[in-house]
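**Q** model the structure of this input:
(one chain, ligands or ions: 2)
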Amino acid sequence: MSTAVSRDRIARLKGLRGYLEENVIGQCHVIPMVVDALLDGELGLTDPSRPKGTFLFLGPTGVGKTELCLAFTRYLSNREDSVARFDMSEFQTQESLAVLIGGKLGERGVLGRRLDAIGQEGTLLFDEIEKAHPRVLDILLQILDAARITMADGVTIDLSGFHVVATSNIAAQAILESRRSVRATLVRFIERQAQAQLRPEVFARFNTVAVFDRLAFKDLEAIARHMLIREIRRHEEAGYAFDYDQATVRHLAALGFDSRLGARPMRTRIEAFVRKAMREALFADPGRREISLVVASGVNRDSRQAQRN
Ligand SMILES: Nc1ncnc2c1ncn2[C@@H]1O[C@H](COP(=O)(O)OP(=O)(O)O)[C@@H](O)[C@H]1O
Ligand SMILES: [Mg+2]
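**A** Ligands and ions are numbered 1, 2, ... in the order given. Below you'll find the model as predicted:
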């Protein structure tokens, strides 16, 4: 794995940070450190007997942890499907170990099957690792340590071409409740909590520990604008034209945010908002191609309530 990296590849890698900053909003503390670590791995500067990068993403729900992981993998591999994602809340029991790496009957396990499909390079994402059964965590340790994993059927898979990301909501409440406290203090608190709640040897195996911030309203607006543009682009290609303004974006930012789920509901709610406007316009006038997404002031509260129900 220590062949020199091509000039073309290096030129592409230079664009990584810009790409991530465009696609993952409001995580300006996280992106630079994650990018540096990604680049070290991509440039072949890291230990070849370990994964290219090992990341622990901490923070509340719906602030871009998974999104960042998907975005960097998309950029680095040019493929949508090079992420093998495992929700550790589904691997809480001893029996789930066999589901992951296979059992006595020689089956491959979900990990084996997913890795077979991805090939030599990509990203392994373990969500909510604090929920994993200790035996399942042992597998993660092995991956972080040696970049290889022996499946129950005896076949060893080499993971040295992979980045490994684990996420956890540990101490997320502290981030949500923080009132302008000094970031460095908060980060130290979160890291200490994570260290105490995960096994210390697990925590120590991650080269990059990144604490994600909660999203400010201006971040939600930027995300809403992004999603709105993407949603209407499809319809514009089909011949529709849309009218919206900053108040529309603000309305959608509020509509798509949930105090527990962060921006998670946003995409679905924006889609529903646009499609409802289109249905109503088309029923009122079947020939209509101009769709207004302008929100009347005062309407906001009602439609927001309606969407939540
Ligand atoms: N910082 C962000 N930038 C852009 N989109 C975001 C951000 N945070 C959340 N989102 C949106 O909300 C959805 C849920 O975010 P996700 O990254 O899955 O949250 P989590 O932090 O829980 O992993 C994503 O699909 C994305 O569309
Ligand atoms: Mg996630």
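
**Q** what's the strand or helix carrying Ala11 packed up against?
**A** Applying DSSP states H and E as the criterion places Ala11 in helix 7-14. With contacts taken as 3 or more C-beta pairs under 8 Å, 6 or more residues apart in numbering; DSSP states H and E, helix 7-14 sits against helix 30-42. Every C-beta, even on glycine, is put in place using the N, C-alpha and C of the backbone.

**Q** mind checking what helix or strand follows the helix it packs on in sequence?
**A** With DSSP H and E, the next secondary element past helix 30-42 is strand 53-58.

**Q** could the C-alpha coordinates of the helix or strand following that following strand be exported in PDB?
**A** The first helix or strand that comes after strand 53-58 along the chain, using DSSP H and E, is helix 65-77. Only the C-alpha atoms of helix 65-77 are listed here, as PDB (Å, rounded to 0.1, in the frame of the first residue of the first chain):
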ATOM      1  CA  LYS A  65     -22.000  13.000  11.800                       C
ATOM      2  CA  THR A  66     -23.300  10.500   9.300                       C
ATOM      3  CA  GLU A  67     -23.600  13.100   6.600                       C
ATOM      4  CA  LEU A  68     -19.900  13.900   6.900                       C
ATOM      5  CA  CYS A  69     -19.000  10.300   6.600                       C
ATOM      6  CA  LEU A  70     -21.100   9.800   3.500                       C
ATOM      7  CA  ALA A  71     -19.800  13.000   2.000                       C
ATOM      8  CA  PHE A  72     -16.100  12.200   2.400                       C
ATOM      9  CA  THR A  73     -16.600   8.700   1.200                       C
ATOM     10  CA  ARG A  74     -18.500   9.900  -1.900                       C
ATOM     11  CA  TYR A  75     -15.700  12.400  -2.700                       C
ATOM     12  CA  LEU A  76     -12.800  10.000  -2.100                       C
ATOM     13  CA  SER A  77     -14.200   6.900  -3.800                       C
END
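
**Q** neighbouring contacts of stretch 266-274?
**A** Residues outside stretch 266-274 that contact it (C-beta atoms under 8 Å, 6 or more residues apart in numbering) are 220, 223-224, 227-228, 231-232, 235, 242, 252-253, 255-257, 291, 293, 303, 307.

**Q** does it reach ligand 1?
**A** Yes - contact between stretch 266-274 and ligand 1, assessed by C-beta under 6 Å from any ligand atom, occurs at Met266, Arg267.

**Q** show me what counts as buried in that stretch.
**A** Neighbour counts using 16 or more other C-beta atoms under 10 Å place Met266, Arg267, Arg269, Ile270, Phe273, Val274 of stretch 266-274 among the buried residues.

**Q** quick check: mean pLDDT of the strand or helix carrying the second one?
**A** When you say that, I think you mean Arg267. Element membership of Arg267 [criterion: DSSP H and E] is helix 266-284. What helix 266-284 shows for mean pLDDT is 96.

**Q** let me see the ranges of the helices in the stretch 151-300 of the chain.
**A** 172-177, 183-197, 200-204, 217-237, 246-255, 266-284, 299-308 (DSSP state H, counting those that start in this stretch).

**Q** so which of these is nearest ligand 2?
**A** Evaluated over those, closeness to ligand 2 peaks at helix 172-177, with 11.4 Å, by C-beta to the ion.

**Q** what residues does the closest one touch?
**A** Residues outside helix 172-177 that contact it (C-beta under 8 Å, 6+ apart) are 58-61, 186, 189-190, 193, 211-214, 259.

**Q** let's see that with 7 Å instead.
**A** In this structure, residues lying in contact with helix 172-177 by C-beta atoms under 7 Å, 6 or more residues apart in numbering are Gly59, Pro60, Thr61, Leu186, Phe189, Ile190, Asp213, Arg214.

**Q** and for stretch 154-167?
**A** With contact meaning C-beta under 7 Å, 6+ apart, stretch 154-167 is reached by 1, 38, 41, 48-49, 51-57, 65-66, 69, 112, 115, 120-129, 140, 143-144, 147-151.
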